[in-house]
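Participant: coords please:
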Amino acid sequence: MSGTMSELEVLVSIALGVGLASAVGLRVFLPLLVVSIAGYAGYLELGSDFAWLATLPAVVMLGVAATLEVLGYYVPGIDNLLDTLATPAALVAGTIVAAAVMADLPPLVKWTTAVIAGGGAAGLTQSVTALLRVKSTATTGGFANPVLATGELGGSLIVSLLALAAPLIALVLVVVFVWIVVRFARRLLRGNASRALPPAGGGNREGG
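Facilitator: Numbers count the residues shown, from 1 in each chain. Next comes the predicted model:
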């Protein structure tokens, strides 16, 4: 893309990066694989620093990594271990995938947005799914974990493809997700605070 980018083009570029980054929080390697395939097929323009993502070796490498990651989440015990490893990996991968697709933005804007919005979206999504898996493991003994894993897989793939096809819609979904998470967290904190308060009247009194 030549010339100065319009405000809409900047917004679409950022929306694409943030949408893909949020999908990274569900599965680290799958969105990277989608971007790699799209770049290799010539559908997606990547930044010059990330041209390696659009090569056949990158497609094969990410394909193997994505397959192993997907299968690992269906193995009891391994899924929780993967969550521990995925937390820092999602931050890095979210930043990389966001920066890779925001090819025409000025470097300062691109990397600032990639780190804050891209890494933040990936980290938030991954943290929420990790907490859900911990709760699922505690309440169902892990029997519901494969259902959660399937939902995460489908969500990662759908959000990745939607980000490529309709970046602005994907960005709206990410904003709605963040809003729901914030409301849920505030409600949870309020509930914990109210339970921690002493009963009205200062507790039991001795008669006199």
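Participant: name the helices or strands packed onto the longest helix anywhere in the chain?
Facilitator: Across the chain, the longest stretch assigned as helix under DSSP state H is helix 167-196. Contact here means 3 or more C-beta pairs under 8 Å, 6 or more residues apart in numbering; DSSP states H and E; on that basis helix 167-196 packs against helix 7-24, helix 119-140, helix 145-165. Any C-beta I mention is one placed from the backbone N, CA and C, and that applies to glycine too.
Participant: output these in CSV; the columns should cover distance to E69, mean pLDDT and mean neighbour count.
Facilitator: Formatted as CSV, the helices and strands packed on helix 167-196 follow (distance: least, C-beta to C-beta, whole Å; pLDDT from 0 to 100; neighbours: other C-beta atoms under 10 Å):
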stretch, distance to E69, mean pLDDT, mean neighbour count
helix 7-24, 11, 90, 24
helix 119-140, 12, 89, 19
helix 145-165, 9, 93, 18
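Participant: list the buried residues of the longest helix of the chain.
Facilitator: Residues of helix 167-196 classed as buried: P167, A170, L171, L173, V174, F177, V178 (neighbour count, 16 or more other C-beta atoms under 10 Å).
Participant: what does stretch 88-99 contact?
Facilitator: Stretch 88-99 is contacted from outside by 17-18, 20-22, 24-25, 28-29, 31-32, 35, 47, 49-50, 110-111, 113-115, 117-123, 125-126, using C-beta atoms under 8 Å, 6 or more residues apart in numbering.
Participant: quick one: residues contacting A86.
Facilitator: Residues in contact with A86 (C-beta under 8 Å, 6+ apart) are V28, Q126, A130.
Participant: returning to what we had before: nearest to V159 among the buried residues of helix 167-196?
Facilitator: Of all these, V159 sits closest to A170, with 6.1 Å by C-beta to C-beta.
Participant: that closest one touches G19, doesn't it?
Facilitator: Yes - with contact defined as C-beta atoms under 8 Å, A170 counts as touching G19 (3.2 Å).
Participant: find the nearest non-adjacent residue to the most centrally placed residue in the chain, please.
Facilitator: Nearest residue to the geometric centre of the chain (C-alpha atoms, centre = their mean): G25, 2.5 Å. Distances taken as C-beta to C-beta, 6 or more residues apart in numbering place T125 nearest to G25, at 2.5 Å, with adjacent residues excluded.
Participant: check P76 too.
Facilitator: In space, P76 is closest to G142, 4.9 Å off (C-beta to C-beta, 6+ apart).
Participant: look at that neighbour and give its secondary structure.
Facilitator: coil (DSSP: H, G, I helix; E, B strand; the rest coil).
Participant: re the thing from before, and the residue nearest to G25, what does it touch?
Facilitator: S22, A23, V24, G25, L26, A90, F177.
Participant: can I get these in a markdown table including distance to T137?
Facilitator: Putting these into a markdown table (distance: C-beta to C-beta, whole Å) gives the following:
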| residue | distance to T137 |
| --- | --- |
| S22 | 24 |
| A23 | 23 |
| V24 | 23 |
| G25 | 19 |
| L26 | 18 |
| A90 | 19 |
| F177 | 23 |
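Participant: ok, of the residues you listed, which one's closest to Y73?
Facilitator: L26 (10.2 Å).
Participant: just the pLDDT for the closest one.
Facilitator: Listed pLDDT for L26 reads 92.
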